[in-house]
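Trainee: quick one, structure for this:
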Amino acid sequence: MDPSLQDDAGHHNSALFVQWVPYTIEGSSWDREADAYVDHLLSICDRFAPGTSDLVVDTFTLHPRAIEDHFGMYRGHIHHVDNTFGFADRLPNQVPIDGVYSCSAGCHPAGSVIGASGHNAARLLLSHL
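Mentor: Predicted coordinates:
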C-alpha cells in the first residue's frame, strides 16, 4: 500500500521481531543455526499467510550476537535484561550512586516503547528534589 516501503523493483520489506532468543546455543552456534532459525520463523508465517516464505528474496538476520556486533548492545539484548525475570527482579530506578537514576528497558515495568520506566524514574527524582 505504501510505495515508499518498496525498492526499485517493487519488493516490499518486512521485519519479524522475536521477543527473546538465547545469546549462545548450547552445542552449536548462531553461525551454524541462523539460517535454520530464519526458516523456522518463516514457517510460522506460512501457517498464517501461506506462501510467505516463497516470496522472500533476501534476509538480514539479527540474532543476539549480530545485534551486539551491529548496534553495540551488550549481549544483543534490546531490553537490557532477560524479560523472563519477574517484575521484582528488575533494575531499580535509583541506583546506589547518589543522584543517579535509571530509566532503562531493564527497569520496572520493562522495555518496549511505553516510556513507563522513564516516567517512574522522573517521579522518583522529583520526589527527591
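Trainee: how is this structure divided into domains?
Mentor: Using automatic domain parsing, the domains assigned to the chain come out as 1-76, 79-129.
Trainee: just name the most buried of those domains.
Mentor: Mean neighbours per residue, mean count of other CB atoms under 10 Å, is largest over the domains of the chain for domain 79-129, with a mean of 13. Quick note: C-beta positions are derived from backbone N, CA and C, even for glycine.
Trainee: so how far is it from its chain's centroid?
Mentor: Domain 79-129 sits 18 Å away from the centroid of its parent chain (CA atoms, centre = their mean, to the nearest Å).
Trainee: one more: stretch 64-73?
Mentor: What separates the centre of stretch 64-73 from the centre of its chain is 11 Å, taken as CA atoms, centre = their mean.
Trainee: list the contacts of that stretch.
Mentor: 21-23, 30, 34, 62, 74-78 (CB atoms under 8 Å, 6 or more residues apart in numbering).
Trainee: nearest to residue 44 among those?
Mentor: Among those, residue 21 lies closest to residue 44 (CB to CB), at 13.6 Å.
Trainee: ok, the closest one to residue 93 distance?
Mentor: 28 Å (CB to CB, to the nearest Å).
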